[in-house]
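Engineer: Got a sequence here, can you model it:
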Amino acid sequence: MGDEEKRNRAITARRQHLKSVMLQIAATELEKDKSRREAEKQNYLAEHCPPLHIPGSMSEVQELCKQLHAKIDAAEEEKYDMEVKVQKSSKELEDMNQKLFDLRGKFKRPPLRRVRMSADAMLKALLGSKHKVCMDLRANLKQVKKEDTEKERDLRDVGDWRKNIEEKSGMEGRKKMFETES
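Structural biologist: Sure thing, here's the model as predicted:
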């Protein structure tokens, strides 16, 4: 057990060391990423937003305002065009997804519940107030007379079950039963 405990401790210490090294590497990577993003931001701002030179006269300020408004209008137009493109592409995606869904045929069928409804009620629900015809499905059925089968006659002729048991009890009853069957 002593060797196994030492081994487990060594494994645990190694894991802890590796974990701390990985965390240090991740922290340095995060710092590098943050500084890289800041440099990219500064480059973008320097490229797209030149430093503002505020002129001294009123006419130059008005001219600067007109230029800024023109740039704002251009940016808004570009934004609007991009939004329209995004909406159009999202609509196309929805349509294509629907077509794909329909082609696969894997749409969920809702669980159907059994509804007890007469033919008249069904026609009234489908046709509304136009429904005048009464459908009595049982009216067109043939009436069939029941034929008496031999088994049914025997059951009727048996009568009281106690008498039948007394007749068949003993050897004579068994003898009569075999004689009548053959």
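Engineer: and K85, what element?
Structural biologist: Using DSSP states H and E, K85 sits within helix 58-104.
Engineer: Just after that helix, pick out the following helix or strand.
Structural biologist: helix 119-127.
Engineer: List the buried residues for that following helix?
Structural biologist: By 16 or more other Cβ atoms under 10 Å, the buried positions in helix 119-127 come out as L123. Any C-beta I mention is one placed from the backbone N, CA and C, and that applies to glycine too.
Engineer: Quick check: which ranges of the chain have low pLDDT?
Structural biologist: 1, 106-109, 129-140, 145-182 (pLDDT under 70).
Engineer: three-state assignment of G56?
Structural biologist: Of the three states, G56 takes coil under DSSP: H, G, I helix; E, B strand; the rest coil.
Engineer: list the contacts for it?
Structural biologist: Residues in contact with G56 (Cβ atoms under 8 Å, 6 or more residues apart in numbering): none are found.
Engineer: Going forward, count from 136.
Structural biologist: Shifting the count to begin at 136 puts that one at G191.
Engineer: Give me the phi and psi for it.
Structural biologist: phi -90, psi -30 (degrees, to the nearest 10).
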